[in-house]
Structure formats: structure tokens, C-alpha cells
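Participant: please find the sequence and the predicted model below.
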Amino acid sequence: MGNGDSRVRGLAARAGGWSARHRWAAVGIWVLFVVLAMGLGSAAGRVDLKDSDQLKGETHTAAQIIDDAGIKEPAGETVLIQAKGGGLKATDAEFKAAVGAVVKAVDATGKVTDVKSPYITQTISKDGRSALVQFDMRGDAETAGDRVAPVLKAVDGVQNDHRTLRIEEIGSASMQKTFDDAFGDDFKKAELSAVPVALGILLIAFGALVAALLPVALAITAIMATMGLMGIASHLQPMTDTANSVMLLVGLAVGVDYCLFYLRREREERAAGRDAQTALQIAAATSGRAIIVSGITVCVAMAGMLFTGLATFEGMGLASLMVVAVAMVGSVTVLPALLSLLGERVEKGRVPFLAKAMERRAARTGGESRFWTAVLRGVLARPLVAVLVAAGALLAIAAPAVGMKTQNLTLDQEFGDSLPIVQTYNRVNDAFPGGSEPAEVVVKAKDINAPEVRSALADFKERAISSGASRGPVEIKLHDAQNIAYVYVPLVGGSDLDKAGASLEKLRDEVRPATLGKVDGVQAPITGQVAGSHDFNDQLGGAVVPVFAFVVVFAFALMLLSFRSLTVAITSIVLNLLSVGAAYGILVAVFQHGWGASLVGAEGVGAIITWLPLFLFVILFGLSMDYHVFVVSRIREARMRGRTTRDAIQHGVVTTAGVVTSAAVIMVAVFAIFGTLSMQSMKQMGVGLAAAVLIDATIIRGVLLPAVMALLGERNWYLPKWMHRLPDLTHDEAADAVVAPAARDDEGEPLRV
């Protein structure tokens, strides 16, 4: 193509053209949008998701009863007094003296209330070697961790005076403080380190500081604008900190990727001799269009989270959808304006040795990857062998996923033995199975002190133990003014969620109907950690099929409309599912079975955290479309310019290899940062995302995609006649159509793509 005027059509091309002609207006509008979004979001404030709204089912009902009654549950704390070795028992004088000292010390801090001696509550283990002093923190439970330090210090003082006993504190406040101290800055460090890591990789990829800064700047401004929009949207869909972290991850990944795709194409066209205006037009019509197709597909995938019925997922889905949409719009509007403004100055801040090395490599290879050229030569020579080997390898990697087990991780699974409080948690559960995380029955009646209600409560307490669901002690706490009672039931199974879940079902299905269920007007939903995990699993399980179906069907439809090829749409879905399956297999192998877990600093905890499989499916299905749309668009563009399908495949893959590799390295590096966190759930997320992106950018896009397309040949562009009436969204791909020869199939006939 020469340097003349090229009339290109399509939304991306028109947006890029307008922005390049009105560059200061485009930049000003973008800055105004970011500032307004942040300002309005700050003024509106963010509405955080309440505990009562996080789940449906009994857990939600119980939380709603408590909220409606205006009861503010305090943060409960427990001190374990336990004999070391086989010596003292709770009946011995020294043991009693230690219990008395703990009661006196914690009460003297003035930070606690309702201190209970184990000799009154009967919280003494069966072997008589362990006892629990229980109390509540004063003030708001959510901020109790900020006030618990004097209590912990008082307990440590008693420990120093009684060396023959183990005296340790555990509870919601002490755990909150411990985790804040140990991991409070963990996420912030990970989030902050993601930006310099991405910048460093971009600097290597472009060899120039200004070019490297552009994608990071776009991603950061998109994230800033989305944070403001989240504040506004939270009044309709409350948000969580998790939604914020996911939004940052996704925003950085797609924001950098989209800008990278656009910028690399513009530089490529200029290197081929195009003038700045023409190069920008081609980048807008090709990479810009790929960004729009990819962005819409990612938004659709993220929208799948809205169908879970789980408020946490809905918040994450909405936040992710918004940041992708903002990054997409910024990439096709303000980015062309900035490139037009900067011109040759985009090469400013060149790193001498990197820039020269890139120039020498470009001169030798013509901008094509030598590595992927060699790989493609072998793949295209024997495409059937390549398909069988690559698909077989991915299916083998995915095989462990067949036995995937999901559950909410317990404290010891989440943190291992890295924290002393985890060891305390295990000791309490060993001595008092289920005592650290009892089931909580919230009983609401017209008159909680009515004889039939008090009788039913007593029956429930007795049957909870006689049924085998609990070994006791079962504690009843009355709130007479609100006509509500709390019944705390330590579950048999303790921290083993499978066994504890069976005990919970026995309470719900047998004990409750035979006791509280017989009293008219009584509500008795059962909540607690085990119940929450059980209800979450049930609800998430029911959402899997609708979410999977929604994402797959709409992704298929978008690919069909974007490429007008039934074959491309089908192969896109199949390849993406293979990529997700392989990621699942790696997760199960490493974190469930423990194979190679030490290589990533993890442990085989025997399960995958409940929310991760569905989360990974949605995120990966969306993000993998970035590469797929970009590569297939380039292949189709080359085919429309007159190349044979095989040549188009080779050209499309090797010319996009550099940008796909750079984008993948950034994503893998950012996700891997989260894999370094101490929490097993974050490790699982980071490793799963990083592994999937790596597989997607190498085996899927570099081997399977070209091999499958080579086998299909002209059938890649097959569209049944009855589908020709579908909207044509492909008309702006051939940016060089003005001078390009008419595309023909391998028999020389005009090509209808």
C-alpha cells in the first residue's frame, strides 16, 4: 500500500480517524471522563456488600433476622488452657489457678465483656486436659481487631506465669489482627508491584520508554475511571474489596494488551514504509477492530458472573465488565489521538542496546518471529500430527480435573502452619471438635420465653447431641427483647468440612424438624462457617450450567458475527475450552494432589477453593479471546489480501507472535505475583491464571490453532447460505483493499470471506 488516502470503514476505523484528526479534543474528552468518573464516584461513595446479602438460603435468612432485630453480634474470643504432655488436668489446683488468672487478666483490660469460666460453661475436653475461657470484645465486631492487642498481651502475661500449661487466644478479633499484621500489606504490595513489572516487560518489548509508558498509562487511567464508576454502580450492586482487586487485575491485563496490539501494528506499518497517517488508519481498521471484537467478547464472558445469583460474583462481574469496556473505548479513541500527537516522539527514551538489538532483529527477520517461523514450518508440514500431539498433551494435563473437589478452605488449609494462631486453631478443634466454628441456630419466635418454645429449645439441645451431630456442649443465648435465641452447636467433624457438613445436614433435616419445627411461628435457620460453605456450594453448583451456557453461546455468536465463519466460531470455542480444561487440570494436580506444589511454594490442601473454577472459566474464556481474535483477524486479513490459506496462517501467526508473546508475558507475570501470596486461595488463583495464559499463548495459538486451520483449509471460511443474512461485522478488515489484489481461493475463484 502506498502513502495515499485509504478509505477504511467500520466503527474502530472511524473512531481512530476522528481521534487522529481531533487529537486534542479526544485527549481532553478522555481526561474529562476519567476526572468526572472519579469525582462522581467519590461523591456517591461506595456501598459495601453486607454479610446478610452475600448468600441466599438459610445463611441469608439468619443474617436478615439478625439485621432486622438490630442485634450487633460482638466479636467472640476464646482462650485455650491446655496441659503440656500428660500432666495436669482441669481438676488440679494449678490448672484452676491458671484459669482464674486468665479470667482476671482479660477482664482487667476493660476491652471485654461477658467473661465465662469453663467450670461454669462446662467447656472442658473429655480427657480433662483442655479448657476454654470465653468472652466477647466490646464495641463493633468489624473493628475489634484494632482493640484486641491489650487482651492478647494480658493472655501472654498469664502464659509466662504458667509454663507447664499452654495458654493461647483465638477468635474473630485476634485472627483479624493476626491476618492484618501478616498479610494486610500483601495484596497492596502485589497490586503495586504489578505496574512496574508490566512497565519493565513493555520496555524490553518496545525498547523505548515513551512507547512502554503508553499502555501502562492507558490501563491506569481506565482503572481510575472504573473505580469511580464502581462507586456509582455500587448503589445498585454493592461491591467488595475482592471486586476491586479483580477489577485491577483484569484492567491492567486488558488495558495493556489492547494498547500493545494497537501500538505494535502502528509501528509495524510505519516500519514497512507507510506514512504516520496511513499507518494509524491501518492500525485502527485492523488492530482497533480486533480490540472491539475482543473487548465485547470479554464483556460478555464477565457478564456471565451476573447469572450466579451470588452477590460477590455479581460485583466482580460488573466491575470487570466495566473496566474492560472502559479500556476498550480508550484504546480505540484516546490512543490514536496520543499516537498522532506524539508522532516519532513515541520512540523517545530509547534504551540503546535494546533498540539496536530490535532493529538488527527486524532487519534480519522482517518483523517476523524466527522461533515461531521454525515452529510453524513443522506444524504446517504435518498438521494432523501437531493436532494429535498438542490436543493429546492438553487432554492429559486436563485429566486430573475429572476428580476436582471444591470446598471453602479451612484456616489450616488456607495458611498452613505459617502462623501460630493456625496451630491454636488445630489444637482447639482437636480438643473440642467443631468448637472453634460451631453451627449457629438463629431462633425467632413471637415469644421466645413461651413454654412451648423453651421446651423445643431444650429438646433441640438434647437431640443435637443424641443424634450424633454434636458432642456438645450446646450453648443457648437469649435476646428476650428481640424474641430471638442463638443456639451454638459444635459440629462433629470439626475442621473436616465433609464430616462437619454431614453433621449440619443431620441438624437441618432431622433434629430441627423434630423439635423447633413443631412449634408454630418459629423460624430457626442454621448458619455459621460450615453452613455458609454448604449454602455457597449449593448455590454455586446451581449457577454453573447457566453461566457456562451463557458465556459459550454468546461467545460463539460474537465470533460468528465477527468473522462470518461457522468453522472459526466452533474452533474458537473448542480451543478455549481446551485451554480452560488444562488450567483446571494443573490446579487439581498441584493444589489438590500436591504434585509439584513445592515448586510454586504451595501445599497440596486436598481441595480447590469453591469459587475458583467458575471464576477462572469466566476470566480465562474472556481473556483468551484477546489472543484468538487478534491472531485470527490477522490470518483472515492476509487471506483477503490474496494469500493462500496456508500462507495466511503462517503470516498471521508469525507476525503476531511478538505482540502475543509480550502480552502473555505481562499477564503471566502479573498473575504470578498473586501466586506468591501466602494465602492458598490466592496462590490457586494466581497459578491457575498464569498457567492458563501461558498454555493459551503457546500451545493453543502457536500450535493447535494453525494446525487445525491448516487441516480445514478453505473450510475455515465456511458459512451456510442461510446464515448470509447475518449482520456483516467484517467489512473493515481489509484496510488495504484499495490496492490489494482480489482475494481468491486455492482454485483461483473469487473468495467470499
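Facilitator: Alright, I've got the coordinates.
Participant: any low-confidence regions in this structure?
Facilitator: For the chain, the stretches with pLDDT under 70 are 1-10, 51-54, 86, 182-189, 191, 352-369, 417-418, 434-436, 494-495, 728-753.
Participant: for it, which helix is longest?
Facilitator: Determined from DSSP state H, the single longest helix within the chain is helix 529-563.
Participant: list the buried residues of that one.
Facilitator: By neighbour count on 16 or more other C-beta atoms under 10 Å, the buried set for helix 529-563 is 529-537, 539-540, 543, 547-548, 550-552, 554-555, 558-563. Bear in mind the C-beta positions are built from the backbone N, C-alpha and C, glycine included.
Participant: do the same with stretch 20-32
Facilitator: For stretch 20-32, a neighbour-count test (16+ other C-beta under 10 Å) marks Ala20, Arg23, Ala26, Val27, Trp30 as buried.
Participant: let me have these in CSV, adding distance to Gly349 and secondary structure as columns.
Facilitator: Listed next are the buried residues of stretch 20-32 as CSV, based on distance: C-beta to C-beta, whole Å; DSSP: H, G, I helix; E, B strand; the rest coil:
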residue, distance to Gly349, secondary structure
Ala20, 23, helix
Arg23, 21, helix
Ala26, 23, helix
Val27, 20, helix
Trp30, 22, helix
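Participant: among those, which pair sits farthest apart?
Facilitator: The most widely separated members of the buried residues of stretch 20-32, counting by C-beta to C-beta, are Ala20 and Trp30 (13.9 Å).
Participant: which neighbours do those two share?
Facilitator: Among the neighbours of Ala20, those also in contact with Trp30 (C-beta atoms under 8 Å, 6 or more residues apart in numbering) are Ala337.
Participant: who touches the host helix or strand of Val708?
Facilitator: In this assignment (DSSP states H and E), Val708 forms part of helix 705-712. If you take C-beta under 8 Å, 6+ apart as the criterion, helix 705-712 is touched by 376, 379-380, 383-384, 386-387, 390, 567, 571, 575, 628, 631-632, 635, 645-646, 649-650, 653, 716.
Participant: for that helix, buried residues please.
Facilitator: If you call a residue buried by 16+ other C-beta under 10 Å, then helix 705-712 has these buried ones: Leu705, Pro706, Ala707, Val708, Met709, Ala710, Leu712.
Participant: in a strand, Leu478, correct?
Facilitator: Yes. Counting by DSSP: H, G, I helix; E, B strand; the rest coil, Leu478 is located in a strand.
Participant: am I right that it is in contact with Ala445?
Facilitator: No. Applying C-beta atoms under 8 Å, one finds Leu478 not in contact with Ala445, separated by 10.8 Å.
Participant: compare those two (neighbour count), which wins?
Facilitator: Taking other C-beta atoms under 10 Å, Leu478 and Ala445 do not tie; Ala445 has more neighbours (22 against 15).
Participant: hmm, that one is touching Gly521, no?
Facilitator: Yes. Between Ala445 and Gly521 there is a contact under C-beta under 8 Å: 6.3 Å.
Participant: just the buried residues of the contacts of helix 705-712.
Facilitator: Buried by 16+ other C-beta under 10 Å: 376, 379-380, 383, 386-387, 390, 567, 571, 575, 628, 631-632, 635, 645-646, 649-650, 653, 716, out of those.
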